[in-house]
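A.B. asks: return atomic coordinates for the entry below.
(2 chains)
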2 protein chains.
Amino acid sequence: MEDIFTSRIFKVVRKFVVGRSGAKLARDVIVHPGAVVILPLLDDGQVVLLRQFRVSVEERLIELPAGTLEPPELPYETARRELLEETGYTAGSLVEASHFYSSPGILRETMHLFVAKDLIAGPTNLEDGEDIEVFTVPLEKAVDMVYSGEIKDSKTIIGVLWYWNSLRNKT
Amino acid sequence: MEDIFTSRIFKVVRKFVVGRSGAKLARDVIVHPGAVVILPLLDDGQVVLLRQFRVSVEERLIELPAGTLEPPELPYETARRELLEETGYTAGSLVEASHFYSSPGILRETMHLFVAKDLIAGPTNLEDGEDIEVFTVPLEKAVDMVYSGEIKDSKTIIGVLWYWNSLRNKT
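C.D. replies: Sure, this is the predicted structure:
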């Protein structure tokens, strides 16, 4: 395994696998430090969402608050920090619900999903280069936005469906 | 925008955004041709899943059948081909349910979700380097595997929860 490209947030490493034919096959893998996504739930059942321009897809996407891990910071700490920076909310309760891989065919990125409750509003603190609008909708409306295609971001789809389903069918 | 790294399946391009401070900020974006994921449903309500070693995370993951787009092939054609190659099933009905971005913070990859029904079994045809075991579980069991953490792959979580929820709450 060798590093063959290094960027600000991720790097690319070349690994080798042996195929069923016996051939040695190169597989380039993108290595990312991991990230958190936060489902912030207000006391009245509304969920806090962001509209954010994403240069990768050249679109404004509707997303849950999220951010990249900055080791040695723990996922819990990243979630608390990003929720505060992006939305201004401080969470009285912040619980990791799940974690999953974003795109394991090519990318080593673990995403940690947190559910944030008992929220107290305050000022945001955006990084330079972040262009974020905060808004709230009832959770059921967020589910509708998944099915209508308005929400197209995987981690947000998972956060919304995971929690919605856990309320109604699975606990 | 310039290409700064090219691999077999993806490349990295450098883009620039202007921050609120006026500073010009480099943003490296991974560009992927896009992919499909297929939720294959047997007539008795079982879903077809794979166990597959993923070199990116060095784990065997439980996933729905999936594969990378090979333009000019259409997503529908990729879905039909990958379903057949990986599971041996031919779909009488193959419908795109949704599409979403895997990890838009760094990655331009659109994932197209197809629901496959009226399945007819046949032999698989794996690529060299693919190490895949096919199995089936009831859809409700697949939902349980999402909540237990046995299923950790984003596209599979979305496929399973999307369909489960559409049956029970939203259509």
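
A.B. asks: helices of chain A, residue ranges please.
C.D. replies: If DSSP state H is used as the criterion, the helices of chain A fall at A:75-87, A:139-148, A:154-168.

A.B. asks: what's the shortest one packed up against?
C.D. replies: Spelled out, it's helix A:139-148. Contacts defined by 3 or more Cβ pairs under 8 Å, 6 or more residues apart in numbering or on different chains; DSSP states H and E place helix A:139-148 against strand A:46-54, helix A:154-168, helix B:154-168. Placement of C-beta: from N, CA and C, glycine included.

A.B. asks: nearest to residue A:66, of those?
C.D. replies: Distances from residue A:66 to each of the helices and strands packed on helix A:139-148 were compared by Cβ to Cβ, and the smallest falls on helix A:154-168, at 6.2 Å.

A.B. asks: by how many degrees do that closest one and strand A:46-54 diverge?
C.D. replies: Counting by axes from the mean of the first three to the mean of the last three Cα atoms, to 10 degrees, helix A:154-168 lies at 170 degrees to strand A:46-54.

A.B. asks: ok so, going back, so for residue A:134, which of the helices and strands packed on helix A:139-148 sits nearest?
C.D. replies: Between residue A:134 and the helices and strands packed on helix A:139-148, the shortest separation by Cβ to Cβ is 5.9 Å, and it involves strand A:46-54.

A.B. asks: coming back round to it: dump the helices of chain A into TSV; add mean pLDDT as well.
C.D. replies: Supplementary listing: the helices of chain A in TSV, determined by pLDDT from 0 to 100:
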stretch	mean pLDDT
helix A:75-87	96
helix A:139-148	97
helix A:154-168	95
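
A.B. asks: return the most buried member of the ones you listed.
C.D. replies: Of all the helices of chain A, helix A:154-168 has the most neighbours on average by mean count of other Cβ atoms under 10 Å in any protein chain shown, namely a mean of 22.

A.B. asks: touching chain B at all, stretch A:120-132?
C.D. replies: Yes. Using Cβ under 8 Å from any Cβ of the partner chain, we find that stretch A:120-132 touches chain B at A:126, A:128-129, A:131.

A.B. asks: restricted to buried residues, select those in PyMOL.
C.D. replies: Only the buried entries of these go into this PyMOL selection, using 16 or more other Cβ atoms under 10 Å in any protein chain shown:
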select buried, chain A and resi 129
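
A.B. asks: check the residues of stretch A:120-132 next to chain B and tell me the two furthest apart.
C.D. replies: Within the residues of stretch A:120-132 next to chain B, two members stand farthest from each other by Cβ to Cβ: A:128 and A:131, at 10.1 Å.

A.B. asks: what residues are shared contacts of the two?
C.D. replies: When contacts are counted by Cβ atoms under 8 Å, 6 or more residues apart in numbering or on different chains, the set common to residue A:128 and residue A:131 consists of residue B:20.

A.B. asks: contacting residues for the closest residue to residue A:8 other than its chain neighbours?
C.D. replies: Excluding its sequence neighbours, the residue lying closest to residue A:8 (Cβ to Cβ, 6 or more residues apart in numbering or on different chains) is residue B:28, at 6.5 Å. Taking Cβ under 8 Å, 6+ apart, we find residue B:28 in contact with A:7-10, B:4, B:12-15, B:106.

A.B. asks: out of those residues, which end up buried?
C.D. replies: A:7, A:10, B:12-13, B:106.

A.B. asks: so stretch A:87-95, near chain B or not?
C.D. replies: No. Judged by Cβ under 8 Å from any Cβ, stretch A:87-95 makes no contact with chain B; its nearest approach is 14.4 Å.

A.B. asks: buried sites along that stretch?
C.D. replies: Within stretch A:87-95, the residues that qualify as buried by neighbour count (16+ other Cβ under 10 Å) are A:87-89, A:91, A:94.

A.B. asks: equivalent analysis for stretch A:60-79, please.
C.D. replies: A:61-69, A:75, A:78-79.

A.B. asks: for it, C-alpha coordinates in CSV please.
C.D. replies: Once side chains and other backbone atoms are set aside, the C-alpha atoms of stretch A:60-79 remain, and they are given as CSV (Å, rounded to 0.1, in the frame of the first residue of the first chain):
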residue,chain,number,x,y,z
ARG,A,60,-27.2,24.0,-3.4
LEU,A,61,-28.1,20.8,-1.5
ILE,A,62,-30.4,20.4,1.5
GLU,A,63,-28.4,18.6,4.2
LEU,A,64,-28.3,17.9,7.9
PRO,A,65,-25.4,19.6,9.7
ALA,A,66,-22.2,17.6,9.3
GLY,A,67,-18.4,17.9,9.3
THR,A,68,-15.1,16.2,9.0
LEU,A,69,-13.4,14.6,12.0
GLU,A,70,-10.3,16.4,13.2
PRO,A,71,-8.4,13.7,15.2
PRO,A,72,-7.7,13.5,18.1
GLU,A,73,-11.2,15.0,18.5
LEU,A,74,-13.8,12.3,19.1
PRO,A,75,-16.8,11.9,16.8
TYR,A,76,-19.0,13.1,19.7
GLU,A,77,-16.9,16.3,20.0
THR,A,78,-16.9,16.9,16.3
ALA,A,79,-20.7,16.6,16.3
